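Q: Pasting the sequence and the predicted coordinates here, then a few questions.
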Amino acid sequence: MKIFVMAAKVLKSLFLKPATLGYPFVPRVYYKNTRGKIAIEIAKCIYCGACQRKCPAQALNVNKAEKNWVINRLRCISCGYCVDVCPKKCLTMENTYSVSATKKEEEVFSGA
Amino acid sequence: MIEEQKLIDIEVKDLLSQAGDLCKSGYRLVQIGCTKLPETLEVNYSFDKDYKFINLKVKLNDLTVALPSLSGIFWSAFLYENEIHDLFGIKFTEMAVDYKGNFYRTAVKRGFNPQNE
Amino acid sequence: MNSPKRTIIPFGPQHPVLPEPIHLDLVVEDEKVVEAIPSLGFVHRGLEKLVEKRDFIDFVYVAERICGICSFIHGLTYCIAIEEIMQIQVPARANYLRVIWSELSRLHSHLLWLGLTADAFGFEALFMHTWKLREKILDIIEETTGGRVIFGSSKVGGVRKDITPEKLAEIIFKLDSYAKEIKEITDVFVNDSSVKHRLVGVGILSKQDAYSLGAVGPTLRASGVNIDMRKLGYAAYKEIDFTPVTETSGDSYARCLVRIRELFQSIDIIKQAAAKIQPGELEVKVSGTPNGEFFARTEQPRGEVIYYVKANGTRFLQRLRVRTPTFANIPALVKLLPGCQLADVPVLVLTIDPCISCTER
């Protein structure tokens, strides 16, 4: 039986730097692989709708007639499956998260 | 192939005796699950002993027939049976703990039942 | 003498110690629990029903999101079930990567549990220090797969991401130094008198009970039953040398010790896999549709998980049934609660490592 096993550790950490980040003054460093948010190069898009059909969260909406590509960022689960299936490779996964929003709005990318 | 799995089709009337035999020879209950077939339902009872997997499959031709509960042999069966009762609407007789349809509070009652489409 | 008056105390679904909603009706005599009746179904999402409307290849992303803590192994088990039905031979490199990621997920899950348990018995400093270590494991996971807890790196037929040999060497180097830190912090769980006071001899589950109630994972192994689904040899586990961790006393302390020893075992398995992994393909092309049925069984941090897949030759599966480890551990929880003090209930509920959203799917 030991007591004060933890006390030494706690005392030691008093003199160490905090384990947390001083956000927002110190920005978080993202990894190259981090699945952040989906970005589209709309000029290359052919509005085939493959991403919309495959999206597990039904966050995408592609309208061929009006030539627009709509994403609901609050529904998107950043799985990256649309990036895999895109035939023109116009979708990319960025490694930063989408900014927080106060309204539930869809983001519309229009190629017309 | 990871493992050999013995899938055995049995009748409802043989269920309790077969499960009792497995219990006596030291098998543990792994899971009970229900599957929706186009017209009817089937219930899978899975057992395991020393990584040997045995599955008893009961086909229900008449959905109004109540199944005998396994909770007399394997007490833990009551959770699976209540789950199946709430999601598929199969009746069980003499469950160790009967929630009377209040196990899952789903908006659609018996949502997995084929007659509920 | 009259028997003492019985009171029913509702415990949960909202309780400071519970991360997820489970409700227990506790029948108490004075401060002693005499009976516990569990009640579930607060977060039932019907994900098993969704499989009828989703292509079987796409569903792996949904399967991964059944649980946020053991997500990788959920996705993996789903893939194994489909691969067994379609008789797909997964490349060796993919199998080793699956082992490495499975063990990383076990590491972070067990560290999470240790922290939550420390929090449950009121040891805040220990809780924070354990989670500080967990964060370092999460960094490795994010660096290699892109997600902190949802890996998204398993797919039917292989894996989606690769770990370069240099990165793997760096991970092994990091894990070696983390092992020292983990040893320091777990020594507190093993030795500290205040921790032992709360865990030793509380909630004893006998070997006989644990087996016959169908308990799985650390809950079962802490009672001295040597069952670990990794011994089935799925993915590359057949190439790895390890012995399942067991304890014999069956109390909360034993369940804690099993998880602590599994931390070091996981690091050892990752090292073995890193030594044996060979360059090669990451995935095979999947064509056709599955037709048949299979029960895939794997070992999650919480125990054995079952994926039953029944397919009828179309792109939509006929049935996916998930039996998660917590579901199998609830009967054990109900049996070990009677006889304990009311104040011990939160710790006891936590010792089976409940994951309720995963249980109800």
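A: Nice, thanks for sending it over. These figures come from a predicted structure and were not determined experimentally.
Q: Please count neighbours and contacts with C-alpha atoms only from this point.
A: OK.
Q: I figured residue C:100 was touching residue C:267, is that so?
A: No: here residue C:100 lies out of contact with residue C:267, judged by C-alpha atoms under 8 Å, at a distance of 9.2 Å.
Q: Contacts only, for residue A:60.
A: A:51-52, A:69-72 (C-alpha atoms under 8 Å, 6 or more residues apart in numbering or on different chains).
Q: got the phi/psi numbers for it?
A: phi -110, psi 150 (degrees, to the nearest 10).
Q: before we move on, back to that, CSV for the contacts of residue A:60, including pLDDT, neighbour count and distance to chain B?
A: Listed next are those as CSV, based on pLDDT from 0 to 100; neighbours: other C-alpha atoms under 10 Å in any protein chain shown; distance: C-alpha to the nearest C-alpha, whole Å:
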residue, pLDDT, neighbour count, distance to chain B
A:51, 86, 23, 29
A:52, 87, 20, 26
A:69, 86, 22, 34
A:70, 88, 16, 31
A:71, 87, 20, 29
A:72, 88, 16, 26
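Q: mind listing the helices for chain B?
A: B:15-24, B:77-88 (DSSP state H).
Q: taking those helices together, which one is wrapped up most tightly?
A: Of all the helices of chain B, helix B:77-88 has the most neighbours on average by mean count of other C-alpha atoms under 10 Å in any protein chain shown, namely a mean of 24.
Q: Residues touching that one, excluding its own?
A: Helix B:77-88 has contacts (C-alpha under 8 Å, 6+ apart) with B:29, B:31-34, B:69-71, B:90-92, B:95-104, B:109-113, C:331.
Q: swap in stretch C:110-127?
A: Contacts of stretch C:110-127 (C-alpha under 8 Å, 6+ apart): A:6, A:10, C:17, C:128-131, C:133-134, C:185, C:195, C:198, C:256, C:259-260, C:263, C:301, C:346-347, C:350-351, C:353.
Q: For PyMOL, what selects the buried ones among those residues?
A: Here is the PyMOL command that selects the buried residues among the contacts of stretch C:110-127 (16 or more other C-alpha atoms under 10 Å in any protein chain shown):
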select buried, (chain A and resi 6) or (chain C and resi 17+128+129+130+131+133+134+185+195+256+259+260+263+301+346+347+350+351+353)
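Q: Of the contacts of stretch C:110-127, which belong to strands?
A: Among those, no residue falls in strands (DSSP state E).
Q: Can you show me the helices along the chain?
A: In the absence of a named chain, this looks at chain A. Using DSSP H, helices in chain A cover A:5-14, A:50-54, A:81-85.
Q: Let me rephrase: I mean chain C.
A: Under DSSP H, chain C gives helices at C:47-50, C:59-64, C:71-86, C:92-120, C:124-145, C:165-191, C:193-199, C:207-212, C:217-221, C:252-276, C:325-336, C:345-351, C:356-360.
Q: helices or strands up against the third one?
A: If I follow you right, that is helix C:71-86. Helices and strands touching helix C:71-86, by 3 or more C-alpha pairs under 8 Å, 6 or more residues apart in numbering or on different chains; DSSP states H and E, are helix C:59-64, helix C:92-120, strand C:154-155, strand C:291-300, strand C:303-312.
Q: and the last one, what other elements does it pack with?
A: By that I understand strand C:303-312. Checked by 3+ C-alpha pairs under 8 Å, 6+ apart, strand C:303-312 has helix C:71-86, helix C:217-221, strand C:291-300, strand C:319-323, helix C:325-336 packed alongside it.
Q: The closest residue to chain B within the stretch 101-250 of chain C: neighbouring residues, count only.
A: Residue of the stretch 101-250 of chain C nearest chain B, by C-alpha to the nearest C-alpha: residue C:213 (5.5 Å). For residue C:213, the tally of surrounding residues (other C-alpha atoms under 10 Å in any protein chain shown) stands at 23.
Q: Next, the contact list for it, please.
A: Going by C-alpha under 8 Å, 6+ apart, the list of residues near residue C:213 reads B:28-29, B:74-76, C:331-332.
Q: As CSV, the helices of chain B with mean pLDDT would be great.
A: Formatted as CSV, those follow (pLDDT from 0 to 100):
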stretch, mean pLDDT
helix B:15-24, 84
helix B:77-88, 84
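Q: List just the one of the ones you listed that sits closest to residue C:232.
A: Among the helices of chain B, the nearest to residue C:232 by C-alpha to C-alpha is helix B:15-24 (21.0 Å).
Q: where's the closest one relative to the chain centroid, distance-wise?
A: In terms of C-alpha atoms, centre = their mean, to the nearest Å, the centre of helix B:15-24 is found 13 Å from the chain centre.
Q: Please enumerate residues in contact with it?
A: Helix B:15-24 is contacted from outside by B:47, B:58, B:68, B:70, B:73-74, using C-alpha under 8 Å, 6+ apart.
Q: May I have it as PDB, with CA atoms only?
A: Output in PDB follows, covering the C-alpha atoms of helix B:15-24 (Å, rounded to 0.1, in the frame of the first residue of the first chain):
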ATOM      1  CA  LEU B  15     -35.400 -25.400 -29.600                       C
ATOM      2  CA  LEU B  16     -35.500 -25.800 -25.800                       C
ATOM      3  CA  SER B  17     -34.100 -29.400 -25.800                       C
ATOM      4  CA  GLN B  18     -31.300 -28.500 -28.200                       C
ATOM      5  CA  ALA B  19     -30.400 -25.400 -26.300                       C
ATOM      6  CA  GLY B  20     -30.500 -27.300 -23.000                       C
ATOM      7  CA  ASP B  21     -28.100 -29.900 -24.400                       C
ATOM      8  CA  LEU B  22     -25.700 -27.200 -25.500                       C
ATOM      9  CA  CYS B  23     -25.900 -25.600 -22.100                       C
ATOM     10  CA  LYS B  24     -25.100 -28.900 -20.400                       C
END
